[in-house]
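K.L.:
Sequence and predicted structure are below.
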Amino acid sequence: MHPFRLAIEARDVEAATALLAEDVTFVSPVAFRPYTGRGIAAAILRGASAIFDDFHYINEISQPDGRHHAFVFKARIGDREIQGCDFVRDNENGLIDEFMVMVRPLSAAKALAKAMEEKLALIECEVDLV
């Protein structure tokens with residue numbers, strides 16, 4: 001298993017964020033533009049970990065190059081069940097330099113956008129949510 005998955009499953013967000021490259025690009029399912037940098041990506045991961053209930057990965061898919069991975073997950077946000085996938089790419093140093101999240105259904109994506117907007121406002125991060 002990929003170290004990021006292991007860290008998230010252990011509920012160790014700090015270990016997960018330590019796996020992010022300084023120049024990581026984070027593509028959110030609910031934001032207009034990607035975010036660049038470990039600081040904002042770490043804040044987003046911390047926020048997401050606080051709003052998801054019953055988060056768990058159900059599958060991991062890795063390409064033979066060992067750098068591209070997909071982690072399929074299920075969780076809840078309030079009364080909404082959410083399904084999604086974290087797509088990550090590791091750089092030559094083994095750190096994640098690209099991180100994209102996709103979620104479904106639309107009602108859950110909307111609940112995620114609302115919850116993340118509130119959470120990130122609390123930690124004073126400025127983001128453009130749809």
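P.N.:
Arrived safely.

K.L.:
Show me where the protein has its strands.
P.N.:
Ranges of strands in the chain, per DSSP state E, are 20-27, 35-36, 53-62, 68-77, 80-90, 96-104.

K.L.:
Which of these comes out lowest on mean pLDDT?
P.N.:
Mean pLDDT values for the strands of the chain show the minimum at strand 35-36, a mean of 92.

K.L.:
what comes into contact with the longest helix along the chain?
P.N.:
Using DSSP state H to define each element, the chain has its longest helix at helix 106-122. Identification of contacts with helix 106-122 by C-beta atoms under 8 Å, 6 or more residues apart in numbering yields 28-30, 43-44, 47-48, 50-51, 77-78, 80-83, 103, 127, 129-130. Any C-beta I mention is one placed from the backbone N, CA and C, and that applies to glycine too.

K.L.:
What of stretch 23-33?
P.N.:
34-38, 40-41, 44, 84, 95-103, 109, 112-113, 116, 127-130.

K.L.:
List the buried residues of that stretch.
P.N.:
Val24, Thr25, Phe26, Ser28, Pro29, Val30, Ala31 (16 or more other C-beta atoms under 10 Å).

K.L.:
Tabulate those in CSV, adding columns for distance to His2.
P.N.:
Listed next are the buried residues of stretch 23-33 as CSV, based on distance: C-beta to C-beta, whole Å:
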residue, distance to His2
Val24, 15
Thr25, 18
Phe26, 17
Ser28, 20
Pro29, 20
Val30, 24
Ala31, 24
